Structures are given as structure tokens and as C-alpha cells.
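Asker: Turn this into a model:
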Amino acid sequence: MNIYTYLKKDHQKVKQLFKKIILAKTSKERENYFLEIRKELELHATSEDATFYKAIKINSKNNKIVEHAEEEHAEIKKLLSKLSKISSKETAIWLVKCGELKYAVEHHVKEEESKIFEKSKEVLSEEEAEKLAVKIKELKSNMAKSSLFQKKFKKLKK
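Answerer: Numbering: from 1, shown residues only. As a prediction, the model looks like this:
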């Protein structure tokens, strides 16, 4: 598996979680799905920045496209933080903010799977793309197992 396939799988997982939020019947269900989305997006963005985007920066002379993607990651993290502060029981407000998050994520995914993947294929070999998939998988696994991450997301287990 290469980095592109790996990242697309991550994207699909989050897309499915957004669908579950929309179909959720209670605020508690929405909150649980949101916590899963937050966990997935934080793991994804942090590991992607440290592996995939870093490799593109090292191998490319023009990093504007990566810088833009990193700005989008920061925007998504801000939206996650804002949404975390709103009770899912405030259904209308919460759903509007969740919609903003969903839009930002979909926009980022669309750009990443087209422009960034295209750009990266110019500077990364297939072998490098395969090594990056292994690297990102290991990093995400280690991050998810860390006590700091576990503590932050202990609510997910309830």
C-alpha cells in the first residue's frame, strides 16, 4: 500500500463518521461520533504533517501547496475545538458548526486528493510513497497508544 491509498482510507473513515452524525437520533450519539471524528482527524493531521507533507517539503522547491494544506489543518483543528465547546444538546447550533467542520474537511480532502497527490507524485517515487504509508501507520499507532492521547480521548470509551 502507498501513502495515497492509506490517506484515502483515512478520508473515507471520517466521511462515514460524518454520515453517522447526520443519521444520529440523539445528542449523545452525535457526541460519540464527533469524538471519533476528532480523534481520527487529530491523528491524521498530525501524522500526515510529520510524514507526507514533510517528505514533499524536503523533495520540492515550491512548498506553497503544502503550506496551504497545513493552514487548512490548522483551520480544521480550530473548528474541532469550537465544536467541542458546544453542547451537542444545543442541536441547531451544534449541527451548524458540525456542518462547517464537514465542509472544511471535504474541501481539504478534495484538494489533497487532487492537487497535493498530483504534486507529490512529481517529487516522490513509488518506493518512497510505500515507505511513507508504513511510517504514517506506525506513527499513528504510537500516537494513539500514548498516555497523553489516551487521556485526552478517554471519553470515547464510555
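Asker: The residue nearest the centre of the chain: which element?
Answerer: Residue closest to the average C-alpha location in the chain (C-alpha atoms, centre = their mean): residue 41, at 3.0 Å. Residue 41 belongs to helix 27-48 when assigned by DSSP states H and E.
Asker: Can you mark which positions in that helix are buried?
Answerer: Within helix 27-48, the residues scored as buried using 16 or more other C-beta atoms under 10 Å are 30-48. All C-beta atoms are positioned from the backbone trio N, CA, C, and that covers glycine.
Asker: Likewise for stretch 59-68?
Answerer: For stretch 59-68, the buried set under the neighbour-count rule, 16+ other C-beta under 10 Å, comprises 60, 65-66.
Asker: could you redo the residues you listed as JSON lines and give each row distance to residue 95, secondary structure and pLDDT?
Answerer: Output for the buried residues of stretch 59-68, formatted as JSON lines (distance: C-beta to C-beta, whole Å; DSSP: H, G, I helix; E, B strand; the rest coil; pLDDT from 0 to 100):
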{"residue": "60", "distance to residue 95": "39", "secondary structure": "coil", "pLDDT": "86"}
{"residue": "65", "distance to residue 95": "32", "secondary structure": "helix", "pLDDT": "87"}
{"residue": "66", "distance to residue 95": "32", "secondary structure": "helix", "pLDDT": "90"}
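Asker: Relative to residue 130, which of the residues you listed is nearest.
Answerer: Closest to residue 130 out of those is residue 60 (18.8 Å), distances taken as C-beta to C-beta.
Asker: Leaving out chain neighbours, which residue sits closest to the closest one?
Answerer: residue 123 (4.7 Å; C-beta to C-beta, 6 or more residues apart in numbering).
Asker: Would you mind measuring from the one you found to residue 44?
Answerer: Remark: distance between residue 123 and residue 44 (C-beta to C-beta, to the nearest Å) = 21 Å.
Asker: so residue 53 sits right up against residue 70, yeah?
Answerer: Yes - with contact defined as C-beta atoms under 8 Å, residue 53 counts as touching residue 70 (6.5 Å).
Asker: More neighbours: which of the two?
Answerer: Regarding residue 53 and residue 70, a neighbour count based on other C-beta atoms under 10 Å identifies residue 53 as having more, with 21 against 16.
Asker: Ramachandran angles for that one?
Answerer: Main-chain dihedrals, residue 53, degrees, to the nearest 10: phi -70, psi -40.
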